[in-house]
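Enquirer: Only the shape, not the letters, is given here:
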């Protein structure tokens, strides 16, 4: 069963997928979707050329999208302007 997301949730999933330092596991924790489902969303929402660039970057090793491949010295990035994250809601700047 494919989950349906509102436009704000879809935008946030795409934003998190674009961020190299946000692992797929974080997207799964937040939205309950697998890496394959994230790829499906990216494929359907992005232009074909943008999707190809994203996939190439994710698979190239430059990205830290997989926790198992991540350098252990890299700590989770947290912007100084980011409020606390609670359960499934991410607070954004107002």
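Expert: Thanks, I have the structure now. Every value quoted in this text rests on a predicted model; they were computed, and no experiment measured them. Residues are numbered from 1 along each chain as shown.
Enquirer: Checking residue 39 next. Helix, strand or coil?
Expert: helix (DSSP: H, G, I helix; E, B strand; the rest coil).
Enquirer: element containing the residue nearest to it when sequence neighbours are not counted?
Expert: Of all residues not flanking residue 39 in the chain, residue 55 sits nearest, at 7.6 Å (CB to CB, 6 or more residues apart in numbering). Glycine gets a C-beta too; all of them are placed from N, C-alpha and C. Element membership for residue 55, per DSSP states H and E: helix 48-59.
Enquirer: so where's this protein shaky on pLDDT?
Expert: Along the chain, segments meeting pLDDT under 70 span 1-2, 61-94.
Enquirer: contacting residues around stretch 35-51?
Expert: 2-3, 5, 10, 13-14, 17, 24, 27-28, 33, 54-55 (CB atoms under 8 Å, 6 or more residues apart in numbering).
Enquirer: change it to 6 Å
Expert: 13, 14, 17, 24, 27 (CB atoms under 6 Å, 6 or more residues apart in numbering).
Enquirer: And the helix holding residue 55, what's buried?
Expert: Neighbour counts over helix 48-59 (16 or more other CB atoms under 10 Å) mark 54, 58 as buried.
Enquirer: Over to stretch 5-21?
Expert: The neighbour-count check on stretch 5-21 (16+ other CB under 10 Å) flags 12, 13, 14, 16, 17 as buried.
Enquirer: I am finished for the moment; much appreciated.
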